[in-house]
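J.: Output the structure for:
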Amino acid sequence: MSKTNHGQWHPKPFDPRSAVAMDDLADMLDTILNGQERGDYRLTGFALVVFPWGEGGGKRLNYISNAERPEVIALLKQVLRGFEEEE
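T.: Numbering: from 1, shown residues only. Here you go, the predicted structure:
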């Protein structure tokens, strides 16, 4: 199993069923993107952001990544700057 980092923006705890599904997705993505390479041998990092569609579930936002949290934060800031520049 690949090392997966979870994060969330919501006061409610992470749904354990979703955590299992997201771990499975992380393993699949890591294998598709990096084959059997892990750790510093990976060529591709990823962060997958998941949120409820529509109004249901409040403003829950969860993510999984094969990167460390500080790397994901820097990446998301870069993505946000790019989105804001496009407006």
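J.: Could you pull out the buried residues of stretch 31-50?
T.: 34, 42, 46-47 (16 or more other CB atoms under 10 Å). Every residue, glycine included, has its C-beta placed from N, CA and C.
J.: can you list contacts of it?
T.: 2-3, 18, 22, 25-26, 29-30, 61-67, 71-72, 75-76 (CB atoms under 8 Å, 6 or more residues apart in numbering).
J.: Which secondary structure element of this protein has the lowest mean pLDDT?
T.: Using mean pLDDT, DSSP states H and E, the weakest-scoring helix or strand in the chain turns out to be strand 5-8, at a mean of 53.
J.: what's the next secondary structure element after it?
T.: helix 16-34 (DSSP states H and E).
J.: Off-centre distance for that next one?
T.: Remark: helix 16-34 is offset 10 Å from the chain centroid, using CA atoms, centre = their mean, to the nearest Å.
J.: May I have it exported as CSV, CA atoms only?
T.: In CSV, the C-alpha atoms belonging to helix 16-34 read as follows (Å, rounded to 0.1, in the frame of the first residue of the first chain):
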residue,chain,number,x,y,z
PRO,A,16,-14.2,5.7,7.7
ARG,A,17,-15.9,4.2,4.6
SER,A,18,-14.7,7.1,2.5
ALA,A,19,-11.2,6.7,3.9
VAL,A,20,-11.0,3.1,2.7
ALA,A,21,-12.3,4.0,-0.7
MET,A,22,-9.8,6.9,-0.9
ASP,A,23,-6.9,4.7,0.2
ASP,A,24,-7.8,2.3,-2.6
LEU,A,25,-7.9,5.2,-5.1
ALA,A,26,-4.6,6.4,-3.9
ASP,A,27,-3.0,3.0,-4.4
MET,A,28,-4.4,2.7,-7.9
LEU,A,29,-3.4,6.2,-8.9
ASP,A,30,0.1,5.7,-7.5
THR,A,31,0.5,2.4,-9.4
ILE,A,32,-0.9,3.9,-12.6
LEU,A,33,1.4,7.0,-12.4
ASN,A,34,4.5,5.4,-10.9
